[in-house]
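Engineer: What follows is a protein structure lacking sequence information:
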RNA sequence: GCCGGAGUGGCGAAAUGGCAGACGCGUCGGAUUCAAAAUCCGAUAAGGGUAAAACCUUGUGUGGGUUCGAGUCCCACCUCCGGUACCA
């Protein structure tokens, strides 16, 4: 084998690792430091691996191989996020069961990953579609179902941190006396309904996004520009009973506990923005019944002493505002079209117009709402409400620019100081009253006739509050409103509860039954499957065509799956929704620690040993949703005592996307089938080998950066591997044997210095995930050593070790050629000797007034004065100093000398 | 609109405030070869200068600033990429 024959080398070593189970990982090894390095597991699509996948996977593999050599116990698993629509759509077309398709796709992915030589412990492989896995996904759902959030509960977790707010067992939910006393039975129907309202997993009937083409509802975040994220199909809004997860209960903790994580500030910010916490006030506006006049006492004493009611009274509109300081500028109010008070407040004359508007709004998809964003629409209800701060009678409108799902679904409109209200007021001729003036010296200008003034400033036209600065006014009026019982401070989140059900076959079934009455109608009461009976398997089905209605696919299952009678004689119908694809990926990192446990979702000792994940690498497309959902589940499990860390992923890195090859204009675009610029890893491995692919993906540029693919770059690293090969191996011999000048000779001082510099550079670069520069340093080493007449084996051996995390196949082959008999996967990582790095002389740049004028070679370690003396003898320096006065000399010994002259 | 990130040779890119362009690609020249492939050696920011060197000037999106010294720090702006979008 004279030439570098990657084909035979790679397949041989892959076989070796597999046969020797080289990368099997033991749990709870006490004498080694643990390191949990995780890739975002892929969805095994039908099109196979993409060159984007191995980018992150190679990065983690380098860290893992390096860390093993550093003596750590490394967990590096891989699995499959295997539920999802494509396999089901394939089933609709061909009748092939989604499980078959999924298994085939997994087989392809696994073959492709193995071909790249990643050091996964395949014993820990899992797929979210394995009944053994989703058994525990269902179990976690039952924990969510069994948990309510006690926002005021103060406690100290196993991490020793004091927190306020905890997810607690539903059995610990305090039951209001009037419910509990009913029949004296703790499990009375009223109590059960009360509990159901407080669970973290609950059923809600709300307008949802129904996508007829996909045959499922979608979460808001799965819709882009009013179309489904997957496939770009239209989406309509309709009310449906759906499972929701109360992620909003954890909003504050999800935002605050980001702080302790080693994630990029950009990603943390994205999550914070997604959560979108805002602080303001809720204020009650009493509805003006119509006959009553504004003078009716209200104007003189608008604020009365009473506590602010938990729920707004029947005759009040509760609004949320972040600018309570603008209450005196309210000239109208708006209810969301879906707001429950609309019927009540609408006058007979306006009823027809209001109903028409509500109907139109309810049919509007998100796309329509977005498209019409510029033109405000709305209808006057004919009703009025009383402004609590000044007793004014304010007209109440409905308009779809107010969302039922945010805040209280109602706003006070202050057109002078809010852009949306301003536009609306201009459209409908509603008065605009300025109540904030620019603060003196702020440089702001208020031009209320032409544009809303949204900055802070000082109050005007606000009665006794005139002259108060915005911030102070806010807290003062919030306090005053609160004392008067008409308002309170309130916090709102952009984050909504998580719509957790889908109508598809190929997702986890819910472990839930609905009670039926004698007529077979659901009573609204639910029962859970017993934990021991899990998993709830999918029913047998041959026809995967969507029902065409929002009725879930599973409703077509045979009656034996769908119905049963419980031991107490109550008839039950199974929940027929299924869980979204996010469910399985929410906790897979836990199962990798203990994937075969049939008694528990994870063994507590293994959880304690492995968690948290020390390094998590994946695409930025999951920056918000997957990571937020996952953190939410983890926190619930933490509160319920099943995990001991508050966060799952300590360090997160997002790899940058790999774009297609640039076109003739130098423009690079996203790889996609439609553009025809997809690079298939199979082709690269066939033509250049896995080591070359791995090396190229790391050499392209910084891991986190977006970078274009360039085939000539693959050639480059392939040539490098050839040079490494010939540096060690005699490529003209018949068999693999060392080149004749590779000997047992003692290394020269220079050779040692180059080696130790390389060790230091590569080590430091791996530590900061700067793989591209690490490879550069190895190239420099190779360029140097290839030209050495005598190449000591000891130096080459150390170098091969440095190379091994990056290009493990060729490294193992060379390691063996250098006389070693077993895998180098656990050989100690080379150490550098700082003393070896020091050279006798150094070249120091000399500047005059900051401009480079000369470079002088001086003995290493000389002091500043000596350096200056030597520099002054340099001819070209002298030339530039001539006739000038030296004002100052900056000397950085060993680095630089700068004469400042006049 | 708002929030992030990035702009450096022909291209991918390097550079704890201290020699801009390491390393790789490409290109040009040379060696090897009957020839080619493969391989090896050398040159390669731009402009000026020289027989050749030396040397000089200008250069990290644009304009300012801080500093002995700025690709790097600060301010303003331009362009591209990503996220988000009636969230009161």
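Structural biologist: Received it, and whenever you're ready, just let me know what you need. Quantities reported herein were computed from a predicted structural model and do not represent experimental measurements.
Engineer: Burial check on residue A:854, number of neighbours?
Structural biologist: By the measure other CB atoms under 10 Å, the count of residues near residue A:854 is 18. In this view, the C-beta of every residue, glycine as well, is placed from N, C-alpha and C.
Engineer: pretty sure it contacts residue A:870?
Structural biologist: No. Taking contacts as CB atoms under 8 Å, residue A:854 lies outside contact range of residue A:870: 10.8 Å.
Engineer: So which elements touch the helix or strand containing residue A:110?
Structural biologist: Residue A:110 belongs to helix A:98-115 when assigned by DSSP states H and E. With contacts defined as 3 or more CB pairs under 8 Å, 6 or more residues apart in numbering; DSSP states H and E, the packing partners of helix A:98-115 are helix A:6-19, strand A:79-80, helix A:85-94, helix A:681-688.
Engineer: and the longest one, which residues are buried?
Structural biologist: To tie it back to what came earlier, the one meant is helix A:6-19. Buried residues in helix A:6-19, counted by 16 or more other CB atoms under 10 Å: A:6, A:9-10, A:13-14, A:17.
Engineer: which of the residues in the helix holding residue A:110 are buried?
Structural biologist: Neighbour-count burial for helix A:98-115 flags A:98, A:101-103, A:105-106, A:108-110, A:112-115 (criterion: 16+ other CB under 10 Å).
Engineer: Using TSV, lay out those together with distance to residue A:138.
Structural biologist: Output for the buried residues of helix A:98-115, formatted as TSV (distance: CB to CB, whole Å):
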residue	distance to residue A:138
A:98	18
A:101	22
A:102	18
A:103	21
A:105	23
A:106	21
A:108	28
A:109	25
A:110	25
A:112	31
A:113	28
A:114	31
A:115	35
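Engineer: Pick out whichever of those residues sits closest to residue A:223.
Structural biologist: Using CB to CB, residue A:98 comes nearest to residue A:223 of those, at 23.7 Å.
Engineer: In contact with that closest one, which residues?
Structural biologist: Applying CB atoms under 8 Å, 6 or more residues apart in numbering, we find residue A:98 in contact with A:87-88, A:90-91, A:505-506, A:544.
Engineer: could you give the angle of the helix holding residue A:110 to helix A:6-19?
Structural biologist: Relative orientation of helix A:98-115 and helix A:6-19, computed by axes from the mean of the first three to the mean of the last three CA atoms, to 10 degrees: 110 degrees.
Engineer: one step back: redo the buried residues of helix A:98-115 as a markdown table? Include distance to RNA strand B and pLDDT.
Structural biologist: Converted to a markdown table, the buried residues of helix A:98-115 look like this (distance: CB to the nearest atom of the strand, whole Å; pLDDT from 0 to 100):
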| residue | distance to RNA strand B | pLDDT |
| --- | --- | --- |
| A:98 | 28 | 96 |
| A:101 | 28 | 96 |
| A:102 | 27 | 97 |
| A:103 | 31 | 97 |
| A:105 | 25 | 97 |
| A:106 | 27 | 98 |
| A:108 | 27 | 97 |
| A:109 | 24 | 97 |
| A:110 | 29 | 97 |
| A:112 | 24 | 97 |
| A:113 | 24 | 97 |
| A:114 | 27 | 97 |
| A:115 | 23 | 97 |
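Engineer: on that earlier part again, quick one: least confident of the contacts of residue A:98?
Structural biologist: Minimum pLDDT for these is recorded at residue A:544 (89).
Engineer: What sits closest to that one if chain neighbours are left out?
Structural biologist: Setting aside the residues directly before and after it, residue A:544 is nearest to residue A:91 in space (CB to CB, 6 or more residues apart in numbering), at 4.0 Å.
Engineer: try residue A:692
Structural biologist: With CB to CB, 6+ apart as the criterion, residue A:692 has its nearest non-adjacent residue at 4.4 Å, and that residue is residue A:718.
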